[in-house]
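Colleague: pasting the sequence and the predicted coordinates here, then a few questions.
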Amino acid sequence: MTSTNDIRRSFLDYFGSNGHDVVPSAPLVPYNDPTLMFTNAGMVPFKPYFLGESVPPYPRATSVQKCVRTLDIEEVGKTTRHASFFQMCGNFSFGDYFKSGAIPFAWELLTGSQADGNFGFDSERLWVTVLGDDQEAIDIWLKTGVPRERIQSRGFADNYWSMGVPGPGGPCSEIYFDRGPEYGREGGPEADEDRYLEVWNLVFMQDELSTVRSKVDFDIAGSLPKKNIDTGMGLERMAALLQGVDNIYEIDTTKIILDRASALTGVEYGRDEKSDVRLRVIADHARTCAFLIADGVLPSNEGRGYVLRRIMRRVVRNMRILGCLDPAMGELIDASIASMSPQY
Ligand code: SER
């Protein structure tokens, strides 16, 4: 089995050997950025470089960034792919390469052979999307070898990326893997995002946004000083695909925590969908708690501390509903540490 740690290593090695500086993950509490509660994307630590506020010490970088996102917290455990804590593999260009560099890089790592350290995907099962009629991106994809019928055009809601707050943004091109007919409808990512799982987002970071009212309603104040690249490949999603498991809660690193919750509650995983959802929520959230506390967040009544408190409460509540009335947080945090310490 390809471990999550191996995938992480392959990603950093690939971009490291293609001229990118390997940068360690930044903390979950963004440094000096009052617009963000938590680091929620790989590009967050690099924001000043995109905006031209400071000069990057390297033209290209790669990282695996720990992220916390709580916007989709109600989806956690119910879908195959939502998490409050996840790790984003990324490659970044600060005014160096643009679309014609980023697209072939992603394609080579995805479809190159595993014997050469790549991921070895069958290229026929990969689909891509672009923003509207981004002909430049379409032409590069065609040249890279993706047939026209597997390139779909989508609107701003899907193919324009912003931080959700003022800052850098740009059109994006996303890569999807077709998991097969048992996962849903035919017709590409536009038809079904459970069957076609988004694995990689390539953002062509070129605009500076002054106001962001929603995903489709924002003001572009102007162009960034340079054209940049920001990509994000979800490590857990990639692990689910390469390990051949159904969802991100069953990959090696997360399953360790889920199994501990199952042992503590005496509830077997895979017998009842409702209990399974609870076990997945516990596995995801316990790890989020461990990482937030490790980065200095403590439970409280406001701000970041309040978010942590809510997440902790959801763990405790689900453990109790599953029958574990004893204090279990410590055990679950221990399991999270055991699972994640090889990487951190
Ligand atoms: N910033 C983009 C994202 O979070 C690509 O890394 O999806």
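Modeller: Right, received. Where do you want to start? Numbering: from 1, shown residues only.
Colleague: the ligand contacts on this structure?
Modeller: Proximity of the chain to the ligand, by CB under 6 Å from any ligand atom, involves residues 41-43, 90, 161, 201, 203, 230-232. In this view, the C-beta of every residue, glycine as well, is placed from N, C-alpha and C.
Colleague: any chance of the residues you listed in a markdown table, plus neighbour count?
Modeller: Putting those into a markdown table (neighbours: other CB atoms under 10 Å) gives the following:
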| residue | neighbour count |
| --- | --- |
| 41 | 21 |
| 42 | 28 |
| 43 | 27 |
| 90 | 26 |
| 161 | 24 |
| 201 | 22 |
| 203 | 27 |
| 230 | 27 |
| 231 | 27 |
| 232 | 24 |
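Colleague: what about the helices in the protein?
Modeller: 4-16, 47-51, 99-111, 135-144, 156-159, 235-243, 252-265, 273-294, 303-321, 329-340 (DSSP state H).
Colleague: would you mind saying which of those lies nearest residue 225?
Modeller: The closest approach between residue 225 and any of the helices of the chain, judged by CB to CB, belongs to helix 47-51 at 7.9 Å.
Colleague: state the mean pLDDT of the closest one.
Modeller: The average of the pLDDT scores along helix 47-51 is 97.
Colleague: may I have that helix as PDB, with CA atoms only?
Modeller: Written as PDB, here are the backbone C-alpha positions of helix 47-51 (Å, rounded to 0.1, in the frame of the first residue of the first chain):
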ATOM      1  CA  LYS A  47       0.100  35.700   0.300                       C
ATOM      2  CA  PRO A  48       2.500  38.600   0.700                       C
ATOM      3  CA  TYR A  49       4.600  37.300  -2.200                       C
ATOM      4  CA  PHE A  50       1.600  37.100  -4.500                       C
ATOM      5  CA  LEU A  51       0.500  40.600  -3.500                       C
END
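Colleague: how about residues contacting it?
Modeller: 33, 43, 54-56, 94, 163, 167-168, 205, 208, 224-225, 228, 230 (CB atoms under 8 Å, 6 or more residues apart in numbering).
Colleague: same question for stretch 89-96.
Modeller: Taking CB under 8 Å, 6+ apart as the criterion, the residues outside stretch 89-96 that touch it are 7-8, 11-12, 15, 20, 42-43, 46, 49-50, 56, 58-65, 101-102, 105, 225-235, 238.
Colleague: give me every residue that touches the closest residue to the ligand within the chain.
Modeller: Going by CB to the nearest ligand atom, the ligand is nearest to residue 232 of the chain, at 2.5 Å. With contact taken as CB under 8 Å, 6+ apart, residue 232 is in contact with 41-43, 88-90, 200-201, 203.
Colleague: narrow those residues to those in strands?
Modeller: If you go by DSSP state E, the contacts of residue 232 have 88-90, 200-201, 203 in strands.
Colleague: now render these as JSON lines, adding pLDDT.
Modeller: Formatted as JSON lines, these follow (pLDDT from 0 to 100):
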{"residue": "88", "pLDDT": "98"}
{"residue": "89", "pLDDT": "98"}
{"residue": "90", "pLDDT": "98"}
{"residue": "200", "pLDDT": "98"}
{"residue": "201", "pLDDT": "98"}
{"residue": "203", "pLDDT": "98"}
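Colleague: farthest-separated two in these?
Modeller: By the measure CB to CB, the ones in strands among the contacts of residue 232 have their two most distant members at 89 and 203, which lie 13.8 Å apart.
Colleague: list the contacts for the residue positioned nearest the centre of the chain?
Modeller: Using CA atoms, centre = their mean, the residue of the chain that lies closest to the mean C-alpha position is residue 234, 3.4 Å off. If a contact means CB under 8 Å, 6+ apart, then residue 234 has 81, 86-89, 198-199, 248 as its contacts.
Colleague: just the buried residues from those, in PyMOL please.
Modeller: Per 16 or more other CB atoms under 10 Å, the buried members of the contacts of residue 234 correspond to this PyMOL selection:
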select buried, resi 81+86+87+88+89+198+199+248
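Colleague: in the stretch 51-200 of the chain, which spans are strands?
Modeller: Chain-ordered strands for the stretch 51-200 of the chain, with DSSP state E, counting those that start in this stretch as the definition, fall at 60-68, 85-93, 126-131, 151-154, 160-162, 167-178, 196-212.
Colleague: just those strands: most buried one?
Modeller: Comparing the strands of the stretch 51-200 of the chain by mean neighbour count (mean count of other CB atoms under 10 Å), strand 85-93 comes out on top with a mean of 26.
Colleague: just checking: what are the partner strands of that one?
Modeller: The partner list of strand 85-93 in its sheet, established with DSSP bridges, is strand 60-68 (antiparallel), strand 218-234 (antiparallel).
Colleague: for residue 123, find the nearest of these.
Modeller: Proximity to residue 123 (CB to CB) singles out strand 218-234 among the strands paired with strand 85-93, at 16.4 Å.
Colleague: residue 15 against residue 64, yeah?
Modeller: No: Residue 15 is beyond contact range of residue 64, at 10.4 Å (criterion: CB atoms under 8 Å).
Colleague: quick one, what contacts the closest residue to residue 37 other than its chain neighbours?
Modeller: The shortest distance from residue 37 to any residue that is not its chain neighbour, by CB to CB, 6 or more residues apart in numbering, is 6.0 Å, and that residue is residue 304. Under the criterion of CB under 8 Å, 6+ apart, the contact partners of residue 304 comprise 29, 37-38, 292, 297.
Colleague: now residue 23
Modeller: 45, 61-63.
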